[in-house]
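In: What follows is a predicted structure for the sequence shown.
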Amino acid sequence: MTNNFDPNEEAVAMACDSTLSPSGLVAASSRDVSWLPGLEPDVTKSAKPFLRWAGGKTRLMQALLPHFPAGFRSYHEPFLGAGSVFFAVRRRATGKCFLSDLNSELINAWRVVRERPEEFLDAIELYRGRDGEKEYYAIRDEAPEEGIARAARFFYLNQTSWNSLWRVNRWGVFNVPWGARSFRGIDAAELLAVSSVLGSAEIAELDFREALERPRRGDFVYMDPPYLPVSDTSKFAGYTEKRFRRACLAELATCCERLSKRRVSWVLSNRDTPVVRKLFSFARIVALTTRRSVAAQNRRDVEPAASPEVIIVGQG
């Protein structure tokens with residue numbers, strides 16, 4: 001996913017504090033970066049998403065930002081994905097940033113980038129030039145156990161799979177076909193910028209129900225849950241082996257009502273459907289239409305299509 005949005009353009013508050021990470025590692029902002037020549041002193045200014053992610057909100061950012069608080073205490077994002085909203089609003093937080101997702105491979109990659117960026121850069125170099133279909137399927141079938149190797153494989157698959165989709169079967173095995181795209185890697189300075197801003201963030205593999213117990217009055221929560229399938233044959237619900245169903249969305253709506261009662265500000269993005277409108281009728285619903293890249297039937301290319309969506313705003 002391209003990212004033309006400047007994450008600092010709308011920043012109004014101080015950045016998340018640079019402290020020790022939950023694992024006890026020194027925050028990225030205090031690392032020795034002399035190994036990277038020509039790096040600007042304030043590397044955090046260029047921080048932007050390092051992953052492509054289906055349903056990412058970079059294109060919707062200008063529509064989303066006016067509905068976010070100008071400032072808040074801690075920031076929470078329980079459906080992390082590529083984290084485009086986190087990068088856009090992180091400077092509005094005066095407290096800590098809590099980032100979570102139920103996808104274990106995704107969370108491992110975020111943690112590795114935060115804590116061991118140099119080793120991650122070395123690991124992904126092993127995938128340079130491995131762009132063919134045969135090699136893609138060989139790498140897809142691998143199952144490394146060590147954290148850095150897992151993160152590097154995840155990053156390779158994210159850049160080379162069809163439409164950068166992450167989908168697993170009921171056994172949790174990644175099964176997205178080859179996307180006929182080259183592996184580009186990532187610029188070292190870009191990765192270090194991401195690592196720096198993650199230095200004080202807490203990154204956890206959590207179910208949204210557990211993650212949403214933490215926010216307190218004065219905090220802000222942004223939620224971008226998996227959209228319900230548009231048809232019975234849709235495969236996109238397979239983000240993890242635990243499918244996100246209508247019952248899950250109903251539970252999420254209940255969690256949002258509880259957030260409002262605790263005076264927590266929150267915003268949620270979703271597809272504009274009667275089900276969504278009914279479940280979140282207690283909140284303010286803003287309709288909009290965006291353009292998304294969707295698969296053309298029986299072809300590998302993608303076509304832009306109008307997508308009716310809603311921004312749901314809860315008052316804390």
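Out: Right, received. Where do you want to start? This structure is a prediction, so every number in the text was calculated from the model and none was measured. Residues are numbered from 1 along each chain as shown.

In: per-residue confidence at residue 289?
Out: Residue 289 is assigned 87 on the pLDDT scale.

In: How about the one 5 residues further on?
Out: Reading off the per-residue confidence, residue 294 sits at a pLDDT of 47.

In: try residue 57
Out: If you check residue 57, the pLDDT there is 81.

In: Would you mind pointing out the helix or strand it falls in?
Out: Applying DSSP states H and E as the criterion places residue 57 outside every helix and strand.

In: what's the neighbour count on it?
Out: Neighbour count for residue 57, taken as other Cβ atoms under 10 Å: 23. C-beta: built from backbone N, CA, C; applies to glycine.

In: and the longest helix that the chain contains, which residues are buried?
Out: As assigned by DSSP state H, the longest helix anywhere in the chain is helix 246-261. Across helix 246-261, burial judged by 16 or more other Cβ atoms under 10 Å covers 248-249, 251-253, 255-256, 259.

In: Can you lay out the residues you listed as JSON lines showing distance to residue 119 and pLDDT?
Out: Formatted as JSON lines, the buried residues of helix 246-261 follow (distance: Cβ to Cβ, whole Å; pLDDT from 0 to 100):
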{"residue": "248", "distance to residue 119": "36", "pLDDT": "96"}
{"residue": "249", "distance to residue 119": "38", "pLDDT": "97"}
{"residue": "251", "distance to residue 119": "38", "pLDDT": "98"}
{"residue": "252", "distance to residue 119": "36", "pLDDT": "98"}
{"residue": "253", "distance to residue 119": "41", "pLDDT": "98"}
{"residue": "255", "distance to residue 119": "37", "pLDDT": "98"}
{"residue": "256", "distance to residue 119": "39", "pLDDT": "98"}
{"residue": "259", "distance to residue 119": "38", "pLDDT": "98"}
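
In: Looking at the residues you listed, which one is closest to residue 130?
Out: Nearest to residue 130 among the buried residues of helix 246-261, counting by Cβ to Cβ, is residue 248 at 36.5 Å.

In: how about the nearest residue to residue 279, chain neighbours excluded?
Out: residue 253 (4.2 Å; Cβ to Cβ, 6 or more residues apart in numbering).

In: I'd assumed residue 280 was in contact with that neighbour.
Out: Yes - the pair residue 253 and residue 280 qualifies as a contact (Cβ atoms under 8 Å) at a distance of 5.6 Å.

In: hang on, the earlier thing: identify the residues contacting the longest helix of the chain?
Out: Contacts to helix 246-261, defined as Cβ atoms under 8 Å, 6 or more residues apart in numbering, come from residues 208-209, 212, 215, 221, 223, 225, 228, 266, 268, 270, 275-276, 279-280, 282-283, 312, 314-316.

In: do the same with stretch 144-153
Out: 105, 108-109, 111-113, 116, 119-120, 123-124, 126-127, 139, 142.
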